[in-house]
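> here is a sequence with its predicted model. Questions after.
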Amino acid sequence: MNTLGNQALGAASSCRVRVAVEAPQHSGLTGPLDYLGPQDLTPGTLVQVTLGSRDVMGLVWDPLPPGQVDEDDLLPESELRPVGEALDALPPLSSAWRRLLDFAASYYQRSVGELALSVLPKTLRELDGAQLQARLKKLDKADAAAAKAAADAPLAEPARPALTAQQQRALDALSAEAASASPIPSLLWGLTGSGKTEIYLRAAEAALERGQQVLVLVPEINLTPQLEARFAERFVGRSIVSLHSGLTPVRRLQNWLAAHLGRAQLVLGTRLAVFASMPRLGLIVVDEEHDPSYKQQDGARYSARDLAVYRGHLEKIPVVLGSATPSLESWQHALGGRYRRVDLTERIGGGALPQVRLFDMNRLERKKGVTTALSVPLLDALRKRLERGEQSLVFLNRRGYAPVLHCDQCNWKSDCPNCSAHQVFHKEDRTLRCHHCGVSQRVPRACPSCGNPDIAPLGRGTERLEEQLAAALPGARVARIDADTTKLKGSLEEQLAAVHEGEVDILVGTQMIAKGHDFRRITLVAAVNPDDALFSSDFRAPERLFSLLMQVGGRAGRDAAQASTSEMWIQTWYPDHPLYQSLGQHDYEAFAGALLRERTTANLPPFAHLALVRAEGRTVEAARDFLVAAERAARALPLSLGLVIYPPVPMSMARVANVERFQMLIEAGNRTQLQRFLREWMQDLHALKRRQKGLTRWAVDVDPLAI
């Protein structure tokens, strides 16, 4: 960047300008800083400024209303640093975009500059004016070439499938909401295979015909390629871009610019895309709105789904939240009338959901050699599908060969040296790996504690399950899809294509294959070990388990011709558990109703509002003592009256990468009171951090998903 210190501005043409700059949370900086800049500098313009001894990119922010300016706190203009070069080749970021960032920073207790700059492409923040001009020229050339290719290509009408009567009613309801002056969010509650994506496509088509842009959010990167292909097939000749962390920096900047300049008509992306600058935004779709991946887990811990709803409110545009198993928050909003519920209760083509079979594991013989992963009845069911040429999916949400290696002589286990967790045994490359800090080592030849050469795996992951299936069903083509088999670029697409082409008989996988995939040949799904979440300390665990099992079950019977014979097997030690009973009837409504009654009694979300303060330190004492002091400061604040302030406790994973972790929960009946309390308390937390030695970092998580 250019050096800014020697740039002077004429006093007659200059004025005080607020600039948002990216500064870490520990700096205590919450709002934009004052600089001296030209009077005609438009808010939303990127500028170069000096921050401390560094030249950084900043964003011109809106001036404070006169009533909010405290003249005593202002530096005299003679002491202000000048604004450097303005990147005025780029249209300013809009007022609506800045209001979204103002809200997000305030609600999630972060600096507006930290959040606003971090959601812009990193490459953009490193350009000067000349470099930006060059990038824009390249984009112009690429757009011209694309326009010429589209003009030369023969026009073809997309293959638009006929809507069912229920789909048409759903689309009519969304159209009515879109025509409203102040539309409320629509919760599209649709079974797996009921045609939600077609509704998204039709709603997007209507918005494009109105000359508007469309933003479609998906929870995970691996769901974007197939959705992008679906939209590209439907909207031939339209400009479609994706925004997610898997893009190269150059591609991400190119796609962001296309959206910001209004040239991209459709933007598909993961949670960060909720901040995409889109001047003609007319529709937001959040697919699988219940998915926890929409919640950022570090830095500014925002919920992309909640911000999508707020953005729709700000810009007075329709928001469609789609799910077969909505979050309890969204479900309650629909029950209370804040959201419009739109139902799709029938599968396309009249297909039925798979019949759920709860296999009681207590019926197994308790003797050596009887495996609890693959019961004899399940193997028989898999064998029958093989004989009929049908595909099966076996689901286990744990990768690796086994969760731990164990010595039965001295009880040694393969604990991670850096974390409160075991190192997972990966048989393929004979390593022990921690899935939390990443530390890896070769499998020892004998027990490191007593020398016993007979150390053995305990439990199983997908790698071991794949091996057991191949041994139990000779000749079956068994494939595994998880984070270990999809590390290389393009490997996931290759493996999914093999499944779609019928080159796989039995697919083994984690939750990576549970969502969104349209496997037409799968008629049997089996969940082999789902009970752990039933007794988790996290109150949201049952909700997540029900959703995950409904999703994975929905991969079976998507071809209507085979739907009547499709099955979902659940091997459980607790077949009478209410969760499994509701799942057996595919009755989300009953399950959600029961959970909401529990949450009301326990005063938990959505009937209460939570904030979690996490502290990390080099020692247990550093992390704990910071939160003990924070608790004292919290109780001293008048705004704490009526709040429930829980004492600090270790996190469920107390140590990660040799960092000790504690947390403290705040519970409020009123969201506004919680926000006011947090704003006041943050000043105490910043002051405590400066005094607490050994504390590495701390963070406030508003509306935490995991406790």
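Right, received. Where do you want to start? Remember, predicted model here, so these are calculated numbers, not experimental data.

> and the helices in the stretch 501-650 of the chain?
Along the stretch 501-650 of the chain, counting by DSSP state H, counting those that start in this stretch, helices occupy 541-553, 560-563, 578-584, 588-602, 620-636.

> buried deepest among these, which one?
helix 541-553 (a mean of 22; mean count of other Cβ atoms under 10 Å). Glycine gets a C-beta too; all of them are placed from N, C-alpha and C.

> and that one, what does it pack against?
In terms of contacts (3 or more Cβ pairs under 8 Å, 6 or more residues apart in numbering; DSSP states H and E), helix 541-553 is packed against strand 522-527, strand 567-572, helix 578-584, helix 588-602.

> what's the closest of the ones you listed to Glu79?
helix 588-602 (53.4 Å; Cβ to Cβ).

> quick one on the thing from earlier: need the helices and strands packed on helix 541-553 in a markdown table (columns: mean pLDDT and distance to Gln265).
A markdown table is the format used below for the helices and strands packed on helix 541-553 (pLDDT from 0 to 100; distance: least, Cβ to Cβ, whole Å):
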| stretch | mean pLDDT | distance to Gln265 |
| --- | --- | --- |
| strand 522-527 | 93 | 34 |
| strand 567-572 | 94 | 39 |
| helix 578-584 | 94 | 40 |
| helix 588-602 | 95 | 34 |
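
> and these: which comes nearest Gly502?
strand 522-527 (10.7 Å).

> what's the closest one in contact with?
With contact meaning Cβ atoms under 8 Å, 6 or more residues apart in numbering, strand 522-527 is reached by 354, 378, 381-382, 385, 390-396, 507, 549, 552-553, 555-558, 562, 565-571.

> paired strands for that strand, with orientation please.
strand 391-395 (parallel), strand 567-572 (parallel) (DSSP bridges).

> and the contacts of strand 522-527, which are buried?
Neighbour-count burial (16 or more other Cβ atoms under 10 Å) is assigned, among the contacts of strand 522-527, to 354, 378, 381-382, 385, 390-396, 507, 549, 552-553, 555-558, 562, 565-571.

> quick one, longest helix in the protein?
Longest helix of the chain, by residue count under DSSP state H: helix 129-152.

> who does the next helix or strand after that helix touch, helix- and strand-wise?
Downstream of helix 129-152, the next assigned helix or strand under DSSP states H and E is helix 165-178. Of the remaining helices and strands, those touching helix 165-178 by 3+ Cβ pairs under 8 Å, 6+ apart are strand 186-190, helix 196-209, strand 340-344.

> what's the closest of these to Pro76?
helix 196-209 (49.9 Å).

> report the buried residues of that closest one.
For helix 196-209, by 16+ other Cβ under 10 Å, it's 196-208.

> how about stretch 134-154?
135, 139.

> so what touches that stretch?
By Cβ under 8 Å, 6+ apart, the list of residues contacting stretch 134-154 reads 89-90, 127, 236-237, 239, 253-254, 257-258, 261, 263.

> again with stretch 583-602
189, 191, 324-326, 328, 331-332, 353, 356, 358, 539, 542-543, 546, 549-550, 553, 570, 578-579, 582, 604-607.

> just to revisit the earlier point, I'd like the buried residues of helix 196-209 as CSV, with pLDDT and distance to Val112 appended.
Formatted as CSV, these follow (pLDDT from 0 to 100; distance: Cβ to Cβ, whole Å):
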residue, pLDDT, distance to Val112
Lys196, 94, 35
Thr197, 93, 36
Glu198, 95, 39
Ile199, 97, 36
Tyr200, 97, 32
Leu201, 97, 36
Arg202, 97, 37
Ala203, 97, 32
Ala204, 97, 31
Glu205, 97, 36
Ala206, 97, 34
Ala207, 97, 29
Leu208, 97, 32
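
> out of these, which is nearest to Asp531?
Distances from Asp531 to the buried residues of helix 196-209, taken as Cβ to Cβ, are shortest for Lys196 (29.6 Å).

> was I right about the closest one contacting Leu188?
Yes. Here Lys196 reaches Leu188: they are 5.9 Å apart, a contact under Cβ atoms under 8 Å.

> what stretches of the chain score poorly on pLDDT?
For the chain, the stretches flagged by pLDDT under 70 are 1-12, 24-28, 67-72, 153-156, 366-372, 516.

> Gly669 against His609, yeah?
Yes. With contact defined as Cβ under 8 Å, Gly669 reaches His609; the gap is 7.4 Å.

> neighbour-wise, which of these two wins?
His609 (19 against 13; other Cβ atoms under 10 Å).

> how near is that one to Asn670?
Between His609 and Asn670 the computed distance is 7 Å (Cβ to Cβ, to the nearest Å).

> what do you get for Leu492?
From Leu492 to Asn670 the distance is 45 Å (Cβ to Cβ).

> likewise Glu205?
For Glu205, the distance to Asn670 - Cβ to Cβ - is 42 Å.

> could you do Glu329 as well?
For Glu329, the distance to Asn670 (Cβ to Cβ) stands at 16 Å.

> between the two, which has more neighbouring residues?
Using other Cβ under 10 Å as the criterion, Glu329 and Asn670 rank with Glu329 on top: 17 against 13.

> can you tell me the closest non-neighbouring residue to the more buried one?
Pro606 (4.5 Å; Cβ to Cβ, 6 or more residues apart in numbering).

> which residues touch that neighbour?
Counted by Cβ under 8 Å, 6+ apart, Pro606 has contacts 328-329, 332-333, 596, 599.

> for my notes, please list the residues you listed in CSV and give distance to Leu496 for each entry.
Formatted as CSV, the contacts of Pro606 follow (distance: Cβ to Cβ, whole Å):
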residue, distance to Leu496
Leu328, 31
Glu329, 31
Gln332, 35
His333, 34
Leu596, 36
Arg599, 37
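
> need the max-distance pair from the residues you listed.
His333 and Arg599 (13.8 Å).

> quick revisit: which one of the helices and strands packed on helix 165-178 lies closest to Asn362?
Asn362 lies closest to strand 186-190 among these, at 34.8 Å (Cβ to Cβ).

> what's in contact with that closest one?
170, 173-174, 177, 196, 199, 289, 318-324, 326, 330-331, 333-334, 339-345, 588.

> what comes into contact with the helix or strand hosting Gln673?
Under the criterion of DSSP H and E, Gln673 resides in helix 671-691. Residues external to helix 671-691 that are found in contact with it (Cβ under 8 Å, 6+ apart): 26, 28, 30, 106-107, 109, 609, 611, 613, 626, 629-630, 633-634, 637, 639-640, 642-643, 666, 668, 695, 698, 700, 702.

> can you flag the buried ones in the residues you listed?
30, 106-107, 109, 609, 611, 613, 626, 629-630, 633-634, 639-640, 643, 666, 668, 695, 698, 700, 702.
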